[in-house]
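Visitor: sequence? don't have it. structure:
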C-alpha cells in the first residue's frame, strides 16, 4: 500500500500556543487530503477535506479559524491548531488520496495541551 | 447522506476461530467499500476493499462479501491470531469520495 507520514508523532504544548502537524504522501500524489480527529475508543471524526491548491472544506462544527489547513502541494498538507486549549487534546490523523486509489492513513499525531 | 452502521461493537473469539464483522449502508450510490484495521496508538491501515461490481474478494485469511441489494457488506477473518486483535472500521464511498466510516469493532483474539 501507499505510504503516508505524519510529523510529529506526539506533541505536548502549553495552552494558548499553536501547533503545526504535517502530513505527507511519500510515494504518490495526493489530490485530496483529509484530517480526522479521534477520541479514545471512538471512531474517526472527519474535520476537513482539502484539495491541492484550494481552500479546505470544513465539517459542521469545526472552526476553520482554529484549525488552519494548508494543502500547498500534491504531497503535503498541514494542520495548525491555533491557540490550543486542553479540550483540543486528541489523536489527529490525516489521510491522503489520489483517485482512483483509496484513502491511505498516516500514523497519527497525539496532541496533549497542558 | 450516507449512514454506515457496524456490528458488533466488540467481538471476542478464541485463537483459530473465525470472526465476522458486518456493516450496512444507506446510500445505494455507494460503490466502494474498504476495511481498515487500527492498532492501538496507530493510524488505520487498509486491509481489504471491494467495489460494487464484485460480490466477494479474498486475500489469504481475510475476505469481504458484498450484498448490494441488501446494502450490507461483511469482513471475514479465518484462523484468527492474537495479532488480529485491533479495532476494525468499515467505510462506504462513492467513487472513492465522501468516505463515511462505521463506528468500529473492537476485536479481541484470546490465546
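Guide: Received the coordinates, thanks. What you see is a predicted model, and the numbers here were worked out from it, not measured in a lab. Residues are numbered from 1 along each chain as shown, chains lettered A, B, ... in the order given.
Visitor: what is the host helix or strand of residue B:93 packed up against?
Guide: Counting by DSSP states H and E, the secondary-structure element that holds residue B:93 is strand B:86-94. When contacts are defined as 3 or more CB pairs under 8 Å, 6 or more residues apart in numbering or on different chains; DSSP states H and E, strand B:86-94 packs onto strand B:4-7, strand B:19-25, strand B:32-38, strand B:72-77, strand B:97-101, strand B:105-110. C-beta coordinates here come from the backbone N, C-alpha and C atoms, glycine included.
Visitor: so how far is residue A:92 from the one residue in chain B that gets nearest to chain A?
Guide: As assessed by CB to the nearest CB, chain A sits closest to residue B:43 within chain B, at 4.0 Å. Look at residue B:43 and residue A:92: by CB to CB, to the nearest Å, they are 10 Å apart.
Visitor: direction included, what does the strand holding residue B:93 pair against?
Guide: Paired with strand B:86-94 in the same sheet, following DSSP bridges, are strand B:32-38 (antiparallel), strand B:97-101 (antiparallel), strand B:105-110 (antiparallel).
Visitor: residues contacting it, please?
Guide: Among residues not part of strand B:86-94, those counted as contacts by CB atoms under 8 Å, 6 or more residues apart in numbering or on different chains are A:43-44, B:2, B:4, B:6, B:21, B:23, B:25, B:27, B:29-40, B:44, B:47, B:73, B:75, B:99-102, B:104-107.
Visitor: same thing but at 7 Å, please
Guide: Taking contacts as CB atoms under 7 Å, 6 or more residues apart in numbering or on different chains, the residues outside strand B:86-94 that touch it are A:43-44, B:2, B:4, B:6, B:21, B:23, B:25, B:27, B:29-39, B:44, B:73, B:75, B:99-102, B:104-107.
Visitor: any chance of CSV for the strands paired with strand B:86-94, columns mean neighbour count?
Guide: Written out in CSV, the entries for those read as follows (neighbours: other CB atoms under 10 Å in any protein chain shown):
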stretch, mean neighbour count
strand B:32-38, 22
strand B:97-101, 18
strand B:105-110, 17
